[in-house]
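Trainee: missing the sequence, but the structure's below:
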């Protein structure tokens, strides 16, 4: 049976003996017939994702109200995944020729274009795109990887931080409206870095970070969210432009993952917590309210398992009840009914992710 709830402007839900304000409606994304996966969210509530047609991966533009729209694979390539989207609906991602050669591309439903490779480069990857159409990711030169800023007109490699050795590498994961990039830098050990084509620097880490930091998200203020190992498990961190601090963990869910697009311009960060049995719980943190479980902020019957991104309107891309959804702040125009899915409808999500993992080349 399908159950719908039309939410009032403010509503309270009793959970575990406590009273929580319902601050989000839950709007299921309309996925392709074969299921799929999602990655990026823009400020208009559009989502980019991908699915398989049985033999190849295809990028799609997704929403909560319209049928999925195919993003054509660039000419000469057979697989494509969408990894980021800007406010104009331009998608960035990675295409593959089926023989292990990948290329960064940008696209819309009207067509896709591969970014040019610099001289002597063998492959590239597109991870994020800003509203000026600038893309970041990394370019491969025979096993050495360098972050870049690029468009369909050309690609410029970011300089390495001071003191980099001959085998140092960088990966770009986020780019803001100023063209500032954040990502990972390896020079014997991994460190987060940030910068532009004019220069880059290492991001300082909080004392809780012992090893393996991963910078994944950045807002237009230059704040960076990521995660690292404290020696026993992963914790989140937030860089404010000068220094970094650990993000408190959700009680009972001490293992943390923060994905791309996980911080907005208000400084709110979202992520995923894992307990000792690897059960997942989505969380949201801000400097006023601290850490909150998203399942406590939605109508009863929804278990929010993963938060994958947040936009400047406070909408959150998430996985709830084993399907992909948009959490829409209560009171926003366009909010409406939150519908619980039929059991088993989204059983293909797990196999889709496993299949994708077999196609993607190894990244840290």
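Mentor: All right, it came through fine. Fair warning: this is a prediction, and the values are worked out from it, not measured in the lab.
Trainee: Can you tell me how far residue 226 is from residue 212?
Mentor: Distance, residue 226 to residue 212, by C-beta to C-beta, to the nearest Å: 10 Å. For the C-beta atoms, the positions are set from N, CA and C on the backbone; glycine is no exception.
Trainee: so the residue lying closest to residue 308 once chain neighbours are set aside bridges to which residues?
Mentor: Spatial nearest neighbour of residue 308, chain neighbours left out: residue 317 (4.6 Å); criterion: C-beta to C-beta, 6 or more residues apart in numbering. For residue 317, the beta-bridge partners are residue 309, residue 326 (DSSP bridges).
Trainee: Then residue 196?
Mentor: Note on residue 196: beta-bridge partners by DSSP bridges are residue 199.
Trainee: What number of residues are in the vicinity of it?
Mentor: Close neighbours of residue 196, defined as other C-beta atoms under 10 Å, add up to 15.
Trainee: That one against residue 176, yeah?
Mentor: No: in this structure, residue 196 is not within contact of residue 176 by C-beta atoms under 8 Å, at 10.1 Å.
Trainee: tell me the pLDDT at the residue nearest to residue 308?
Mentor: Listed pLDDT for residue 317 reads 98.
Trainee: Could you report the neighbour count for it?
Mentor: 28.
Trainee: From residue 67, how far out is it?
Mentor: Counting by C-beta to C-beta, the gap from residue 317 to residue 67 is 18 Å.
Trainee: repeat for residue 323
Mentor: 16 Å.
Trainee: ok, the two, which is more surrounded?
Mentor: Between residue 323 and residue 67, counted using other C-beta under 10 Å, the more crowded position is residue 323 (18 against 11).
Trainee: In the stretch 1-150 of the chain, where is pLDDT below threshold?
Mentor: Scanning the stretch 1-150 of the chain for pLDDT under 70 picks out 1-22.
Trainee: Likewise for the stretch 201-350 of the chain?
Mentor: Checking the stretch 201-350 of the chain against pLDDT under 70 turns up 332-350.
Trainee: packing partners for the helix or strand hosting residue 26?
Mentor: Element membership for residue 26, per DSSP states H and E: strand 24-28. Counting contacts by 3 or more C-beta pairs under 8 Å, 6 or more residues apart in numbering; DSSP states H and E, strand 24-28 is packed against strand 323-329, strand 337-339.
Trainee: how about CSV for these, with distance to residue 115 added?
Mentor: What follows is the helices and strands packed on strand 24-28, written out as CSV (distance: least, C-beta to C-beta, whole Å):
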stretch, distance to residue 115
strand 323-329, 27
strand 337-339, 39
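Trainee: Please identify the most buried of those strands.
Mentor: For these, the stretch with the most neighbours on average is strand 323-329, a mean of 22; neighbours defined as mean count of other C-beta atoms under 10 Å.
Trainee: show me what contacts the residue nearest the centre of the chain?
Mentor: Per C-alpha atoms, centre = their mean, the C-alpha nearest to the average position across the chain is that of residue 260, at 3.0 Å. Contacts here follow C-beta atoms under 8 Å, 6 or more residues apart in numbering; on that basis residue 260 touches 39-40, 83-84, 127-128, 173-174, 216-217, 309.
Trainee: how does it look with 7 Å?
Mentor: Residue 260 makes contacts with 127-128, 173-174, 216-217, as judged by C-beta atoms under 7 Å, 6 or more residues apart in numbering.
Trainee: Check residue 225 too.
Mentor: Counting by C-beta under 7 Å, 6+ apart, residue 225 has contacts 216-217, 236, 238, 258, 262-263, 269.
Trainee: Buried subset of those as a ChimeraX selection?
Mentor: Buried members of the contacts of residue 225, defined by 16 or more other C-beta atoms under 10 Å, are picked up in ChimeraX with:
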select :216,217,236,238,258,262,263,269
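Trainee: Flag every buried residue along stretch 168-186.
Mentor: Buried residues in stretch 168-186, defined by neighbour count with 16+ other C-beta under 10 Å: 168-176, 180-186.
Trainee: again but with stretch 33-50, I slipped
Mentor: Using 16+ other C-beta under 10 Å as the test for burial, stretch 33-50 gives 35-42, 45-50.
Trainee: what's across from the residue nearest to residue 239 when sequence neighbours are not counted in the sheet?
Mentor: Spatial nearest neighbour of residue 239, chain neighbours left out: residue 224 (4.1 Å); criterion: C-beta to C-beta, 6+ apart. Per DSSP bridges, the residues bridged to residue 224 are residue 218, residue 239.
Trainee: Ok, residue 145 next?
Mentor: Taking DSSP bridges as the rule, residue 145 bridges to residue 140.
Trainee: related to what we said a few turns ago, run a quick neighbour tally on the residue nearest to residue 239.
Mentor: In terms of burial, residue 224 registers 27 neighbours under the definition other C-beta under 10 Å.
Trainee: and it, what is it in contact with?
Mentor: 182, 192, 194, 203, 215, 217-218, 239.
Trainee: give me that answer again for 10 Å
Mentor: 173-174, 176, 180, 182-183, 192-194, 203, 215-218, 237-241, 244, 263 (C-beta atoms under 10 Å, 6 or more residues apart in numbering).
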